[in-house]
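Trainee: sequence? don't have it. structure:
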């Protein structure tokens with residue numbers, strides 16, 4: 001290697017070390033920060049009491065009962081999601097039908 005090549009190689013090595021140092025510090029900074037915003041939820045005392053009594057009730061259940069409640073909760077959750085998706089699907093269908101009717105109306109009026 002000639003002198004200019006060694007000088008260029010040393011500068012490249014310095015730049016690489018600087019970039020690695022910056023990315024390492026950024027990744028450490030990123031790791032300490034939460035990706036999601038922190039939201040403090042402070043339920044009312046009535047809701048907090050209801051949640052605590054529900055937790056206590058659930059803790060007293062036998063394993064089979066806990067499994068049944070968990071399965072029922074998952075089933076209820078999927079039912080709610082399915083109902084919401086049906087409503088959204090109906091709205092999109094009605095919107096599309098309305099758009100088709102509107103375009104047909106405009107074309108029919110244009111011909112007359």
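Mentor: Yes, it's here. Fair warning: this is a prediction, and the values are worked out from it, not measured in the lab.

Trainee: tell me the SS of residue 38?
Mentor: Using DSSP: H, G, I helix; E, B strand; the rest coil, the secondary structure recorded for residue 38 is coil.

Trainee: what about it, neighbour count?
Mentor: Residue 38 has 5 neighbouring residues, counting by other CB atoms under 10 Å. All C-beta spots, glycine's among them, are computed from the backbone N, C-alpha and C.

Trainee: got it, and residue 66?
Mentor: 13.

Trainee: is it true that it touches residue 55?
Mentor: No: counting by CB atoms under 8 Å, residue 55 is not a contact partner of residue 66; they are 11.8 Å apart.

Trainee: Find the residues that touch each one of the two.
Mentor: Listed as contacting both residue 66 and residue 55 by CB atoms under 8 Å, 6 or more residues apart in numbering is no residue at all.

Trainee: centroid residue for this protein?
Mentor: Ranked by distance to the mean C-alpha position of the chain (CA atoms, centre = their mean), the top residue is residue 36 at 9.7 Å.

Trainee: I'd like the distance from residue 12 to residue 21, if you could.
Mentor: For residue 12, the distance to residue 21 equals 15 Å [CB to CB, to the nearest Å].

Trainee: no, scratch that, I was asking about residue 75
Mentor: From residue 75 to residue 21 the distance is 53 Å (CB to CB).
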